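Colleague: Task: produce atomic coordinates for the following.
(2 chains)
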Number of protein chains: 2
Amino acid sequence: MQAEIITIGDEILIGQIVDSNSAFIAKQLNKIGVSVYQITSVQDERTHILKALTEAESNADIIIVTGGLGPTKDDITKKTIADYFNDTLKEDVSVRKNIERLWDVFIKKPLTKVNIDQALVPTKAEVLMNKYGSAPGMWLEKNKTVFISLPGVPYEMKALIDDEVIPKLRARFKFPYIQHKTFLTYGLGESALAERIETFENELPEFIKLAYLPSLGRVRLRLSAKGNDRAIIEAEMKKQIQLLLSQIEDIFTGFEEDLSIEAVIGKYLTEQQKTVATAESCTGGLIAKRFTANSGASKYFKGSIVSYTKEVKMSVLNVSEAIIDKHSVVSAEVAKAMAENVLQLLDTDFAIATTGNAGPTKDDTDEDLGIVYIAIATKSKVYSEKFSFGNHRVKVINKAANKAFEMLQKEILKK
Amino acid sequence: MQAEIITIGDEILIGQIVDSNSAFIAKQLNKIGVSVYQITSVQDERTHILKALTEAESNADIIIVTGGLGPTKDDITKKTIADYFNDTLKEDVSVRKNIERLWDVFIKKPLTKVNIDQALVPTKAEVLMNKYGSAPGMWLEKNKTVFISLPGVPYEMKALIDDEVIPKLRARFKFPYIQHKTFLTYGLGESALAERIETFENELPEFIKLAYLPSLGRVRLRLSAKGNDRAIIEAEMKKQIQLLLSQIEDIFTGFEEDLSIEAVIGKYLTEQQKTVATAESCTGGLIAKRFTANSGASKYFKGSIVSYTKEVKMSVLNVSEAIIDKHSVVSAEVAKAMAENVLQLLDTDFAIATTGNAGPTKDDTDEDLGIVYIAIATKSKVYSEKFSFGNHRVKVINKAANKAFEMLQKEILKK
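Modeller: Next up, the predicted model:
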């Protein structure tokens, strides 16, 4: 079972926006055993869209198109899809009602003709209702190929994929059995790792593939198996997982779950009814922002004190001037004091603190560019680790946040 | 002059990574007047790569390929490109030296065979030196088409595009003249805006295109002109810019610079030697994170108190329990108290505060889902505005942050 993704929009081809939709769709399709053969981004241009649809149809069983469904003149996807199906557009009553509801509850302005025209859909299409916006999703079939058209707005598209597209695909097709296992490793580069497990990789059975996924200081290894006989796949994966584990024991830090590390931490904390706070200098609020991006965060995340100056570290976080002057602002002692004090101030069970030089300059600190201290505090102890995250600001900030979450997760799992 | 971008890598097609490289490349090409006809992502699979190259060659003058140049078995781009050119691989002395230097200075481990093999390049290729990594860029030509192969690691690719590819393309081709102008508007939806300027859009000359770029509460309008006669383009653009401005005067907030709004605010604050702090509830640290993503933020951003519970609003931010109980946590009064208090606590010239229901549930607040109060405080005043940002958590958080920056920018410009 193969899919193609076509993303439509001039804004992608002029580089105004990054196409993050395709990665989300590809991930959700892979989970149910559909491989994505190709992702193609094309302009809002009729002939080009038609050509992309024709080519995709020759390779894929499922074609997912996103974008170009807006109300403006440059959004021509719906009309072009209707042409591809020799079809015409007709108002759909349920979509019209949905638009009226959205305008009534949220927009609170009179509906205009272009808004109402969003309810026009090809007569051959089945509507996939968009809870969050006026452009409906559409499902069409031609011979044995399924064509799905979705709006390009990420949160509208995501809800449609999860709530409508995946359940409908599962009902429509019989999918092969698929199993992934992702190993997190730390401390060995991609090439050294590849040399170490070369024999293992060469001896993998045909239906199991190994991929290297390096990112910011660690390499993830993913084994993917696919086939029709579930029992065979499960038995062989079990064997290969053990074999691989035995060869990477010293650098293996865990299996990857489908949740972000902060969401996993949130799950643990909620279960244990524990709370966390952060005191952030070089990460500047990124750790707090990542915690609070998850719904339900208020159950375990109490808050953060982002102290971007020495003054705020002293006045709000109560770090003593003597400690700062003696050890400098980027030091284990300051990180530990920040963590202990925010734990106390916000009355939590755990606290994370970060202080470091994200660059590009090191200002008045003693430490080099890229040096970050991360501290973890609990009601009974506090400790800090020192890291060197390189010379690129964005990289330093993001690596520091990742590492802070890793340290906290380790601490929580100790219990 | 047309280009195609081909990104190679299984990790893209399984959705493990978002392809942000294409947007960067497309942006840089557009700046010099090269349109990108199509972006295609394909697997690390020989036949598919060859097919993508053949198809791209039929449409494009310039083909930029990224990815698949790593040292591991699944990276087959280099070998496949050599096959496409009926060529063989041979060690390049300058690349070998670059690799030896990188290992000597940064990696500090012995070179292995897979590292050294990175110095193999097709004999017909001209090497584009990669300062930051072992995989070289490559430039090949066939008939009149230029093929450029670059590593997929974003910062290596970016340096190669800016330092090698763009200058070489400029030297190799004569490009048309291109001019963009992007208008920021606020307060009118995409569809209402489209209705208002429909006649303007219909009457634009053939060589000027209008694009709508809506994002979280505002719509950017971009005029793009392209042609060979610079004088004609400049004169016509000047005329159309004035015409468009006269029709959107009431909703126009400025022209887009190449900077984010928080970076523009940072520039103003640095010039005026003023400072800012934030007190964030529903935005959860996002505003702080966006300020501190910019280098030099420590000059004007002092910090943030992320108060995710009522308790922290009281204990750290000193908001009185009486105010919270009387007006509820999501209210203008609480937003104003948060802004005033964080201004005082962190001793800044400006403060932003946010409190709202990001959802998915409204917990124990009186206000509806999506309702957010944003307050701005200065040394002499404080005020709050109420917004309704819809029913999607990510949207509410991001719209609230965007709006907060807009309110602050407006306040700063009042001075």
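
Colleague: So what would you say the end-to-end distance of stretch A:296-307 is?
Modeller: In stretch A:296-307, first residue to last residue: 25 Å (Cα to Cα, to the nearest Å).

Colleague: Check what contacts whichever strand or helix holds residue A:195 and list those residues.
Modeller: Assigning secondary structure by DSSP states H and E places residue A:195 in helix A:190-196. Defining contact as Cβ atoms under 8 Å, 6 or more residues apart in numbering or on different chains, one finds that helix A:190-196 is touched by A:185, A:188, A:201, A:212, A:214, A:219, A:221, A:247-248, A:251, B:70-73, B:109, B:112-115. For glycine as for every other residue, the C-beta is placed from the backbone atoms N, C-alpha and C.

Colleague: That one - what's its average pLDDT?
Modeller: Taken as a whole, helix A:190-196 has an average pLDDT of 89.

Colleague: next one: stretch A:106-114
Modeller: 83.

Colleague: Only C-alpha atoms, please: export that stretch in CSV.
Modeller: In CSV, the C-alpha atoms belonging to stretch A:106-114 read as follows (Å, rounded to 0.1, in the frame of the first residue of the first chain):
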residue,chain,number,x,y,z
PHE,A,106,-15.9,32.8,16.9
ILE,A,107,-15.7,35.3,14.0
LYS,A,108,-18.7,37.3,14.9
LYS,A,109,-18.8,39.1,11.6
PRO,A,110,-21.3,38.9,8.8
LEU,A,111,-20.6,36.0,6.3
THR,A,112,-19.4,37.2,2.9
LYS,A,113,-19.9,35.5,-0.4
VAL,A,114,-16.3,34.1,-0.4
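
Colleague: Pull the distance from it to the chain's centre.
Modeller: Averaging C-alpha positions (Cα atoms, centre = their mean, to the nearest Å) puts stretch A:106-114 33 Å from its chain's average.

Colleague: Which positions in it come out as buried?
Modeller: By neighbour count, and taking 16 or more other Cβ atoms under 10 Å in any protein chain shown as the criterion, the buried residues in stretch A:106-114 are A:106-107, A:111-112, A:114.

Colleague: if you look at those residues, which of them are in helices?
Modeller: Assignment to helices by DSSP state H places the following of these there: residue A:114.

Colleague: Near chain B, list only the ones from the buried residues of stretch A:106-114.
Modeller: When these are filtered against chain B using Cβ under 8 Å from any Cβ of the partner chain, the residues retained are A:106-107, A:112, A:114.

Colleague: Where does the prediction get shaky in the stretch 301-415 of chain A?
Modeller: Counting by pLDDT under 70, the stretch 301-415 of chain A shows low-confidence ranges at A:361-366, A:391, A:415.

Colleague: Flag every residue of it that's near chain B.
Modeller: Remark: the part of the stretch 301-415 of chain A in contact with chain B comprises A:301-309, A:311-312, A:315-316, A:345-347, A:358-361, A:363, A:392-395, A:397, using Cβ under 8 Å from any Cβ.

Colleague: Buried ones only from those residues, please, as a PyMOL command.
Modeller: Per 16+ other Cβ under 10 Å, the buried members of these correspond to this PyMOL selection:
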select buried, chain A and resi 301+302+303+304+305+306+307+308+309+312+315+316+345+346+358+359+392+393+395+397
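
Colleague: can you tell me which of the residues of the stretch 301-415 of chain A next to chain B are in strands?
Modeller: When DSSP state E defines the strands, the subset of these inside them is A:301-307.

Colleague: what about the strands in the stretch 1-150 of chain A?
Modeller: Defined through DSSP state E, counting those that start in this stretch, the strands belonging to the stretch 1-150 of chain A, from first to last, are A:2-8, A:35-42, A:62-66, A:89-91, A:120-122, A:126-128, A:137-142, A:145-150.

Colleague: tell me the contacts of residue A:128?
Modeller: Residue A:128 makes contacts with A:136-139, A:148, A:150, A:160, A:164-165, A:168, as judged by Cβ under 8 Å, 6+ apart.

Colleague: So among these, which ones count as buried?
Modeller: Buried members of these, scored by 16+ other Cβ under 10 Å, are A:136-139, A:148, A:150, A:160, A:164-165.

Colleague: could those residues go into a markdown table alongside distance to chain B?
Modeller: As requested, the buried ones among the contacts of residue A:128 are exported to a markdown table (distance: Cβ to the nearest Cβ, whole Å):
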| residue | distance to chain B |
| --- | --- |
| A:136 | 15 |
| A:137 | 16 |
| A:138 | 19 |
| A:139 | 21 |
| A:148 | 16 |
| A:150 | 15 |
| A:160 | 13 |
| A:164 | 16 |
| A:165 | 14 |
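
Colleague: Okay, now the unreliable bits of the stretch 101-250 of chain A?
Modeller: The stretch 101-250 of chain A contains residues with pLDDT under 70 at A:215-217.

Colleague: Most tightly packed of the strands of the stretch 1-150 of chain A?
Modeller: Neighbour counts averaged per stretch over these are highest for strand A:62-66, at a mean of 26; criterion: mean count of other Cβ atoms under 10 Å in any protein chain shown.

Colleague: Show me what the helix ranked longest in chain A is packed up against.
Modeller: Across chain A, the helix with the greatest residue count (assigned by DSSP H) is helix A:393-414. Counting by 3 or more Cβ pairs under 8 Å, 6 or more residues apart in numbering or on different chains; DSSP states H and E, the packing neighbours recorded for helix A:393-414 are helix A:261-272, helix A:286-292, strand A:350-356, strand A:371-378, strand A:382-388.

Colleague: chain center to it, what's the gap?
Modeller: Centroid separation between helix A:393-414 and its chain, computed with Cα atoms, centre = their mean, is 16 Å.

Colleague: Sort out which residues of that helix are buried, please.
Modeller: By neighbour count on 16+ other Cβ under 10 Å, the buried set for helix A:393-414 is A:393, A:395-409, A:411-412.
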